[in-house]
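Engineer: missing the sequence, but the structure's below:
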């Protein structure tokens, strides 16, 4: 190895992954003047340039946005994902390309490209509160979070201002207010339901679903080249206006503008290099996705943002004499206490009222019911609780018969009844028996061990599903909705796309892998700030918290680097 | 009058375009390339007649003009499983037989009244075999999909916009601009 190639492979910081949290790590390091290498295992996806379907009309899709039988047969897992359709399938990992082992059924939804899943996310953004951070300690599961709301609140504000979050200041302790752009309105039936719930309950609230959309862009968004959300509701294709937040439209180009970013797509990280002689982490080992050539890169600090379960995989695969079971994994905790969100149940209904009202245009969000169960104290026979999405809408009256009568129905403006729907987002309890580990034999095309996933529901989840159905049904009855139907899809974990944990934060190095700064207890220059770091899951959509934790951790890492104490 | 003339010109142009694209239409062979279904030209035309009966030409284009029958074949060919395709073809066969045995002619050649009577029976579904019911339902649903996602429908009948620009949560129905 010559000195010149060595020099070209030396950076101030390395960020593994370019998705929701990796993009933030890249932005923060680059802005602070750090020469930063971002390693992305997938292909490059440039904002606007690589959104091939973004401006297609419905009639321009061969199968009108449906999947072919061939695609479904070849992709039993990813085909289950609601956003995997003709218009966005190119942003999702196909089953055969990247196998994994389902020791128990688990639908692992992945997006391997620059931007990761931030391109196709559902864009819902809620802050955690202390009711969430205090959960494990109060209810006696996992370990106590090493941080509280006040530790992260300023960082929520910091990322919200840059991302652009549309929301109302609802004044709810369970879901703290943030830095909001204007909300988009709830519709007639949603407002009615909000009123019914306010009248009947003191602890339940129907609010506008806060989301990462620019409803009224500010200077900082214009500087990113992003414009106002146009209510297209086609976000999963990539937005030509930059109306919603993604790494591609926001953090990555921002990082590039500093001149400090080196982005390397098609770079599969094999492992993090621990130098046994120097007794520290010195860099990462990368396999070129195409040539499969191996190259080492070096930096003072490494941020691991590969996506929760892939972060587990590559840390477990980072073996040295010092760490035989994975980097920083002295107590064999890594990969355990994985949890997710329970999205199994939905309740729907309809109403014959409000027939004189309709909606116009599109809306990229809906209403939201924050967690109301077991908030102030334990009140049910299960731990924790659930939030719920809620939405109402009506579409064209369904047409019957055939011939000119059918045709005039199709061409009329007559509308059918209002339908209302709700889905649960339940907190699950992290436990040792829900884990991932490395398959001892099987490897993928890049020589990486396959990930075994062994994650399942438990009794607590079953009770929660039942309670959600009962409570939502009760609320719908109070609203006078008709034809109330509950459904438990029994779908496997994973489809919620909120898998978390395995490399949890905690106060004690014996019972956790990361400290309160997302820093590895045993490798001070390695930080994990994606979903893998989560000690518990709460009910909120997690991306906003990952972004805030990432910005906070980079700030800390940079201060320590400047003091020379990050070893 | 105006509309009729426009429709006539449009139809003429389409015929001319079709003649230009398909100068040597092989007799017997379907005009669409399919991977799984075995369809000949007669069957293609027959399906065209059925879809046109479901969504006829009025002042707006009918199923045939927007090629709803070809879209139906493409969707069944690409998006149906082998089992579903088998059922579709079996139902198609029974559809032809129903016309031939009960109305003594190919569906194409039935009078408008006979076509209507036959479709009324298929809609009702009494004493209709499962494959035939399924074939009819598939053809109807796919024809509706073809029509309601066609450029004509979405731009001329409904005011579809890729870029709505805003959302209004409570508008009075009578003031709603037709939108898809």
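Structural biologist: Arrived safely, thanks for sending. All values reported here derive from a predicted model rather than from experimental measurement. Numbers count the residues shown, from 1 in each chain, chains lettered A, B, ... in the order given.
Engineer: mind listing what residue 126 touches?
Structural biologist: Let's take chain A. Residue A:126 makes contact with A:175, A:210, A:368, A:370, A:387, A:540-541, A:544, according to Cβ atoms under 8 Å, 6 or more residues apart in numbering or on different chains. Where you see a C-beta, it was placed from the backbone N, CA and C, and this is true even at glycine.
Engineer: nearest residue to it in space, please, no chain neighbours.
Structural biologist: On the basis of Cβ to Cβ, 6 or more residues apart in numbering or on different chains, the spatially nearest residue to residue A:126 that is not a chain neighbour turns out to be residue A:540, at 4.2 Å.
Engineer: okay, that neighbour and residue A:426: tell me how far apart.
Structural biologist: The span separating residue A:540 from residue A:426 equals 12 Å under the rule Cβ to Cβ, to the nearest Å.
Engineer: and the two? which has more neighbours close in?
Structural biologist: Between residue A:540 and residue A:426, counted using other Cβ atoms under 10 Å in any protein chain shown, residue A:426 has the larger neighbour count: 28 against 25.
Engineer: re the thing from before, of the contacts of residue A:126, closest to residue A:187?
Structural biologist: When the contacts of residue A:126 are compared for distance to residue A:187 (Cβ to Cβ), residue A:368 comes out closest, at 14.0 Å.
Engineer: now the closest one, which residues is it bridged with?
Structural biologist: Listed beta-bridge partners, residue A:368: residue A:207, residue A:389 (assigned using DSSP bridges).
Engineer: just the pLDDT for it.
Structural biologist: Here the pLDDT value assigned to residue A:368 is 98.
Engineer: hang on, residue A:127 packs against residue A:157?
Structural biologist: No: in this structure, residue A:127 sits apart from residue A:157 without contact. The criterion is Cβ atoms under 8 Å, and the distance is 9.5 Å.
Engineer: which neighbours do the two share?
Structural biologist: Between them, residue A:127 and residue A:157 share the neighbouring residues residue A:178, with contact defined by Cβ under 8 Å, 6+ apart.
Engineer: those two: who's more crowded?
Structural biologist: Relative neighbour count places residue A:127 above the other of residue A:127 and residue A:157, with 23 against 14, counting by other Cβ under 10 Å.
Engineer: what kind of secondary structure is the more buried one in?
Structural biologist: For residue A:127, the secondary structure call by DSSP: H, G, I helix; E, B strand; the rest coil comes out as coil.
Engineer: do you know how far it is from residue A:161?
Structural biologist: With the distance defined as Cβ to Cβ, residue A:127 ends up 13 Å from residue A:161.
Engineer: same question, residue A:313
Structural biologist: Distance check for residue A:313 against residue A:161: by Cβ to Cβ, it reads 34 Å.
Engineer: neighbour count: the two, which is higher?
Structural biologist: Neighbours were tallied for residue A:313 and for residue A:161 using other Cβ under 10 Å; the higher tally belongs to residue A:313 (27 against 15).
Engineer: next one: that one from chain B, what distance?
Structural biologist: In this view, residue A:313 and chain B are 34 Å apart by Cβ to the nearest Cβ, to the nearest Å.
Engineer: residue boundaries of the helices in the chain?
Structural biologist: Let's take chain A. Counting by DSSP state H, the segments of chain A that form helices are A:3-8, A:20-31, A:69-74, A:130-133, A:135-139, A:149-163, A:188-200, A:219-223, A:252-257, A:308-316, A:403-411, A:459-478, A:543-563.
Engineer: my question was about chain B
Structural biologist: Here chain B has its helices, by DSSP H, at B:2-21, B:41-54, B:68-79, B:82-102, B:112-124, B:130-148, B:151-152.
Engineer: any part of the fifth one near chain A?
Structural biologist: Yes: contact between helix B:112-124 and chain A is present through B:116, B:119, B:123 (criterion: Cβ under 8 Å from any Cβ of the partner chain).
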